[in-house]
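K.L.:
My questions are about this predicted structure, shown below with the sequence.
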Amino acid sequence: IPEVTCLDPSRMEPIDRIQAIQKERWELTCCVCKQKMGAKIQCTTCYAAYHPLCGRMAGLHMEMLDPPSEDGPLQLVSFCPKHCK
């Protein structure tokens, strides 16, 4: 979720800036579990949305890229079931 950050990237916790998540992200429907609750990420190729944990359990491709600059944010690329194939 682009609006949040991990204070310790090596452990991927704790999550910070949850209050910065856009309201619309909470209203999307997860294409894996079909639930609206919780914040979702979206496919890098299309607009399909899913919870990060649903994507992980479904085996979707999610990869963390090095930031473009040393002080830049972590970047995540992720693909929905349609674009993982």
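P.N.:
Looks like it came in fine.

K.L.:
quick one: Trp26 is in a helix?
P.N.:
Yes. The assignment for Trp26 (DSSP: H, G, I helix; E, B strand; the rest coil) places it in a helix.

K.L.:
Let me see the confidence value for it.
P.N.:
For Trp26, the pLDDT comes out at 89.

K.L.:
so what's it closest to, chain neighbours aside?
P.N.:
For Trp26, the nearest residue in space outside its immediate sequence neighbours is Ala39; the separation is 5.4 Å by CB to CB, 6 or more residues apart in numbering. The C-beta positions use only the backbone N, C-alpha and C, and glycine is treated the same way.

K.L.:
neighbours around that neighbour, how many?
P.N.:
Counted with other CB atoms under 10 Å, the neighbours of Ala39 add up to 19.

K.L.:
Looks like it contacts Ile1 (just checking).
P.N.:
Yes. The pair Ala39 / Ile1 is scored as a contact, 5.5 Å apart, by CB atoms under 8 Å.

K.L.:
So for those two, which residues contact both of them?
P.N.:
Shared contacts of Ala39 and Ile1, defined by CB atoms under 8 Å, 6 or more residues apart in numbering, are found at 21, 25.

K.L.:
Just to check, Leu76 is in contact with Asp66?
P.N.:
No. With contact defined as CB under 8 Å, Leu76 does not reach Asp66; the gap is 11.5 Å.

K.L.:
Now do the contacts for Ala49.
P.N.:
Counted by CB under 8 Å, 6+ apart, Ala49 has contacts 25, 28-31, 40-43.

K.L.:
For it, name its beta-bridge partners.
P.N.:
For Ala49, the beta-bridge partners are Gln42 (DSSP bridges).

K.L.:
Which of Leu76 and Asp66 has more residues huddled nearby?
P.N.:
A count of neighbours by other CB under 10 Å puts Leu76 above the other of Leu76 and Asp66, at 14 against 9.

K.L.:
looking at the protein, which helix or strand is least sure?
P.N.:
Between all helices and strands in the chain, the lowest mean by mean pLDDT, DSSP states H and E belongs to strand 5-8, at a mean of 78.
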